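Colleague: below is the sequence, then the predicted model.
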Amino acid sequence: MQILKKGFSIFAAVCLLLAVMPGQTVRADETTDENGFTVDDSGTLVAYSGAGGAITIPESVSTIASGVFASNTSITSVTIPSYVTGMGTAVFYNCTSLGSVSIEGDIGSIPAETFYNCTSLTSVSIGTSISSIGSQAFAECSSLSQFTIPESVGSIGDKAFYDCTSLTGITIPAGVSSIGSNVFTGCSRLASISAASGNGTYASSDGCLYNKAMTRLIRCPEGKSGAKIATSTVTIGAGAFANCKSVTSLTVPDSVNTIETDAFSGSSISTILIPASVTSIGSQSSWSPSTISGYSGTQAQVYATGNGISFQSLGGENPQPTPDNGNNSNSNGSTDTSNSNNGSGSATTVTGGGTAVTGGNVIGATKYSNSGKTVTSGSHEKDSTPKTGDGINPVFFLCIGVLLVGVYFVVSNRKKAA
């Protein structure tokens, strides 16, 4: 009996070891129908060995396993009926002959790489219950010229439409609150990205994508032939003009203070005006403009000089307003900062009482005018106009002294004669 118990224990241990060994899986029963669809007893489509062409997922299927049709070059179209409620990743990966897709039911989402490199795909019909589009879901679909994102979609993953070189326009519906990175990179013909007016996260202007507040430029589509940045923009985001080959000239508005790293990466922007308001410019890979225009002493010049780019100066830095302490103007006057200077040095003019005075022929002096009277301080050239408050002429005292001496002698002589 002890021998039997020992043998049974060894047998059980061996069975347990085989069950947990890597690569060993227990699969449910599978059946393959006459069209080559292999479905397990849980309703999951796990393989396909059919002839291709136009196919429809059979009624026995509720879900489609990852990669079932991957690299199948014989399928030309597929219909996914409403009884299919989900599918894994990369289901139609590299199906280069697949031209049209119809998803009729609620599969929850379009997973990552579902239609990756389906280079013949031109028509996609998707139900209105899709909640998300996964990363690279339509990447490299080079024949896809039109695509409608369902209103139900809330998020779009990284590179979802990467390298869709035939895509010409796209609308971001109101429900989308998350858009990944490089979603439209490589879409060389994309000329417009439009955000629905009811979207609470994104907005658009002139075919470019912004955040809702219009303070951050997210993406200028690569197919635009020209671009005008909204005057509310504060930040030009990373990759905003990446690979924009048709935009050759750009004026950055005075509202912008930050240009992020690789905002112009790979673009063909050759001439650009960067205002003094821009205080931060990140490094830009694969971007070599011919000329950067801006004010001397600003980040525009610093970036141009540091990267061996020709800099065209528009003058000194934008003049800063002088603080008004209430001493140089009154409620009835105005300030005139004109400086007509025929000599050396500089002149500043402040006027009140409606009278303007310019600093002609003034050398390092400040002129103040109030109620029509002018006072000049500092050294200046001789002026023939009499000035009050210059003191009494010494000659006046000399004349008084001579007169008094004369009177004295007259009085003395009269006394002697008497």
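Modeller: Now that the structure is in, tell me what you want to look at.
Colleague: domain ranges for the protein, per the record?
Modeller: 27-190, 212-318, 332-377 (automatic domain parsing).
Colleague: can you put the ones you listed in TSV and add mean neighbour count?
Modeller: Every residue, glycine included, has its C-beta placed from N, CA and C. Shown next, in TSV, are the domains of the chain (neighbours: other CB atoms under 10 Å):
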stretch	mean neighbour count
domain 27-190	18
domain 212-318	18
domain 332-377	16
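Colleague: make JSON lines out of those domains and add distance to residue 205 and mean pLDDT.
Modeller: JSON lines is the format used below for the domains of the chain (distance: least, CB to CB, whole Å; pLDDT from 0 to 100):
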{"stretch": "domain 27-190", "distance to residue 205": "13", "mean pLDDT": "96"}
{"stretch": "domain 212-318", "distance to residue 205": "5", "mean pLDDT": "96"}
{"stretch": "domain 332-377", "distance to residue 205": "36", "mean pLDDT": "35"}
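Colleague: wait, residue 257 touches residue 278, no?
Modeller: Yes: in this structure, residue 257 is within contact of residue 278 by CB atoms under 8 Å, at 5.9 Å.
Colleague: which residue ranges form the strands in the stretch 1-150 of the chain?
Modeller: In the stretch 1-150 of the chain, the strands defined using DSSP state E, counting those that start in this stretch lie at 30-32, 37-40, 44-48, 53-56, 63-64, 75-80, 86-87, 100-103, 109-110, 123-126, 132-133.
Colleague: okay, those in CSV with distance to residue 93 next?
Modeller: Converted to CSV, the strands of the stretch 1-150 of the chain look like this (distance: least, CB to CB, whole Å):
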stretch, distance to residue 93
strand 30-32, 22
strand 37-40, 18
strand 44-48, 13
strand 53-56, 16
strand 63-64, 12
strand 75-80, 12
strand 86-87, 12
strand 100-103, 13
strand 109-110, 13
strand 123-126, 15
strand 132-133, 15
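Colleague: do I have it right that residue 89 meets residue 65?
Modeller: No: the pair residue 89 / residue 65 is not scored as a contact, 9.7 Å apart, by CB under 8 Å.
Colleague: circling back: now the domains of the chain as CSV including distance to residue 200?
Modeller: CSV is the format used below for the domains of the chain (distance: least, CB to CB, whole Å):
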stretch, distance to residue 200
domain 27-190, 7
domain 212-318, 6
domain 332-377, 45
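Colleague: of all the ones you listed, which one comes closest to residue 204?
Modeller: When these are compared by CB to CB, domain 27-190 sits nearest residue 204, at 7.6 Å.
Colleague: backbone dihedrals for residue 140, please?
Modeller: Residue 140 adopts backbone torsions of phi 70, psi 20, taken as degrees, to the nearest 10.
Colleague: if I look at residue 116, how far off is residue 293?
Modeller: Noted for residue 116: a distance of 43 Å to residue 293, by CB to CB, to the nearest Å.
Colleague: surely residue 302 forms part of a helix?
Modeller: Yes: using DSSP: H, G, I helix; E, B strand; the rest coil, the secondary structure at residue 302 is a helix.
Colleague: name all residues that make contact with it.
Modeller: With contact set as CB atoms under 8 Å, 6 or more residues apart in numbering, residue 302 has these partners: residue 281.
Colleague: and it, how far is that from residue 56?
Modeller: Distance from residue 302 to residue 56, by CB to CB: 63 Å.
Colleague: same question, residue 161
Modeller: 26 Å.
Colleague: and for residue 88?
Modeller: When residue 88 is compared with residue 56 (using CB to CB), they lie 19 Å apart.
Colleague: and what of residue 77?
Modeller: Separation of residue 77 from residue 56 (CB to CB): 9 Å.
Colleague: please name the nearest non-neighbouring residue to residue 134.
Modeller: Closest residue to residue 134 apart from its sequence neighbours, by CB to CB, 6 or more residues apart in numbering: residue 112 at 3.8 Å.
Colleague: that neighbour touches residue 139, doesn't it?
Modeller: No: counting by CB under 8 Å, residue 112 stays clear of residue 139, with 9.5 Å between them.
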